[in-house]
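Asks: how would this look folded up:
(one chain, ligands or ions: 2)
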Amino acid sequence: MSKNRVQIFDTTLRDGEQVPGCKLNTNQKIIIAEQLDTLGVDVIEAGFPVSSPGDFKSVEEVSKIVKNATVCGLTRANENDIKVAAQSLKYAKRPRIHTGIGTSESHIKYKFNSTPEQIIERAVNAVKYAKSFVEDVEFYAEDAGRTNNEYLARVCEAVIKAGATVLNIPDTTGYCLPEEYGAKIKYLKENVKGIDNVILSCHCHNDLGLATANAMAGVQNGARQIECTINGIGERAGNTALEEVVMIMKQHPNLNLDTNINTQMLFSTSKMVQEHMGMQVQPNKAVVGDNAFAHSSGIHQDGVIKNRETYEIMDPADVGVTESSIILTARSGRAALAYRAKNIGYELTKTQLDSVYPEFLKFADTKKEIIDNDIHQLMEISKVVNY
Ligand code: KIV
Ligand code: ZN
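Replies: Numbering: from 1, shown residues only. Ligands and ions are numbered 1, 2, ... in the order given. Down below sits the predicted model:
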């Protein structure tokens, strides 16, 4: 694999599913996993097998149907979690166990009532035990975002020695600034023995709206895996949004980073996840929101009608959206009205447009949006006939 290829680790079915009210049943997990596999993600985190019999079953069934991606199950750093995860992954073509433990001062002190040395010992034992079941073992240092870099480097070095193949550096609380998170990855790249033999992974939460920026800072400093979810769903304010990081890398070729994602499936995948989880994205959501390619102000509409690139940095077709939309409101100009009228059969002359436009504005001031039916009415009032 090229040095600049960034692996996409999708955790919609695990971290994404932790959203209250978004629980998925096994059947739904299978349907979404099939879609993610075709989308081209490298890893599907299918669940937390020890958490419930239902989740165990889901990971087992997903393992049976996934053809290309690695299938991963989450565990805490204890033998029972790891053993159960290994059982749930037994049908996977490419199984991965994702084990780990909190490494920040507050996790060590309050969650585990432990010491830094004991945490390293538990981390190493967990990786060794997981390694007795599968070759591919990912270790997460929970709350790495708030973990002292020198200690984090010691943890990383110890788990690499124990056999970890991927090191996940989660900003669990979404606290880091992009420069800080990028510097953390750089520090690990420069100070951990054996780091070049493993993949560093970014797992960023969005509590301050920085999950995407932080993941990008991570890969710009040497990480080669991003953990993300469709629509950015996940605990609290969510995770890095898959569609955002993938399109950033595609639209910025100078970054020299790429993924295996078939971007034309992004919109339909987003819709599928919204439906199954019963959670709609906001209309202004980057890349997949309903307004992501909609233009409503006169100045922008005029530009887009002349040349799409004036106000669009992505081709909607590249993410599976059929076309940009020109929304008619009281802020729209003549160009937009003429364009939308033409789409439904009215080729307006300049004189006709001059007479219809003031009527359009009056009408538009009374409504949020002018739809095709309204245009037909306007044309009738203004006695414009279809061509
Ligand atoms: O946010 C986090 O730290 C996690 C880990 C369990 C990987 O989701
Ligand atoms: Zn997380």
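Asks: Count the residues that sit near Gly73.
Replies: Using other Cβ atoms under 10 Å, Gly73 has 33 neighbouring residues. Quick note: C-beta positions are derived from backbone N, CA and C, even for glycine.
Asks: Looking at strand pairing, list the partners for it.
Replies: Beta-bridge partners recorded for Gly73 (DSSP bridges): Gly47, Ile97.
Asks: any idea where the strands of this structure begin and end?
Replies: Assigned by DSSP state E, the chain shows strands spanning 7-10, 43-47, 70-74, 95-102, 136-142, 166-171, 199-204, 225-228, 294-295, 325-326.
Asks: Spit out the contact partners of Gln274.
Replies: Gln274 makes contact with Asn231, Gln280, Val281, according to Cβ atoms under 8 Å, 6 or more residues apart in numbering.
Asks: between those, which is nearest ligand 1?
Replies: Checking the contacts of Gln274 against ligand 1 by Cβ to the nearest ligand atom gives Asn231 as the nearest, at 16.7 Å.
Asks: wait, the closest one sits on Ala241?
Replies: Yes. Asn231 is within contact range of Ala241, at 6.3 Å (criterion: Cβ atoms under 8 Å).
Asks: joint contacts of these two?
Replies: Lys285.
Asks: so what's Lys29 up against?
Replies: Leu13, Ala46, Gly47, Ser58, Glu61, Val62.
Asks: Might one say that the fifth one is in contact with Thr26?
Replies: Yes. Glu61 is within contact range of Thr26, at 5.4 Å (criterion: Cβ under 8 Å).
Asks: Span of stretch 103-116 from start to end?
Replies: For stretch 103-116, the first and last residues are 8 Å from each other (Cα to Cα, to the nearest Å).
Asks: do that stretch and ligand 1 meet at all?
Replies: No. Judged by Cβ under 6 Å from any ligand atom, stretch 103-116 stays clear of ligand 1, getting no closer than 9.8 Å.
Asks: Identify the residues contacting that stretch?
Replies: By Cβ under 8 Å, 6+ apart, stretch 103-116 touches 101-102, 118-119, 122-123, 141-148, 151-152, 155.
Asks: cool, and stretch 278-295?
Replies: Contacts of stretch 278-295 (Cβ under 8 Å, 6+ apart): 19, 21-22, 231-233, 241, 243-244, 247, 266-267, 270-271, 274, 301, 304, 311-312, 314, 316, 319, 321, 323-327, 336.
Asks: From the residues you listed, keep the buried residues only.
Replies: 19, 22, 231-233, 241, 243-244, 247, 266-267, 270-271, 274, 301, 304, 311-312, 314, 316, 319, 321, 324-327, 336 (16 or more other Cβ atoms under 10 Å).
Asks: In helices, which of the residues you listed fall?
Replies: In helices, judged by DSSP state H, the following of those are found: Glu243, Glu244, Met247, Leu266, Phe267, Ser270, Lys271, Gln274, Gln301, Val304, Ala336.
Asks: Let me have those residues in JSON lines, adding distance to ligand 1 and pLDDT as columns.
Replies: Shown next, in JSON lines, are these (distance: Cβ to the nearest ligand atom, whole Å; pLDDT from 0 to 100):
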{"residue": "Glu243", "distance to ligand 1": "19", "pLDDT": "98"}
{"residue": "Glu244", "distance to ligand 1": "18", "pLDDT": "98"}
{"residue": "Met247", "distance to ligand 1": "23", "pLDDT": "98"}
{"residue": "Leu266", "distance to ligand 1": "23", "pLDDT": "98"}
{"residue": "Phe267", "distance to ligand 1": "26", "pLDDT": "98"}
{"residue": "Ser270", "distance to ligand 1": "21", "pLDDT": "98"}
{"residue": "Lys271", "distance to ligand 1": "25", "pLDDT": "98"}
{"residue": "Gln274", "distance to ligand 1": "22", "pLDDT": "97"}
{"residue": "Gln301", "distance to ligand 1": "42", "pLDDT": "94"}
{"residue": "Val304", "distance to ligand 1": "39", "pLDDT": "95"}
{"residue": "Ala336", "distance to ligand 1": "44", "pLDDT": "97"}
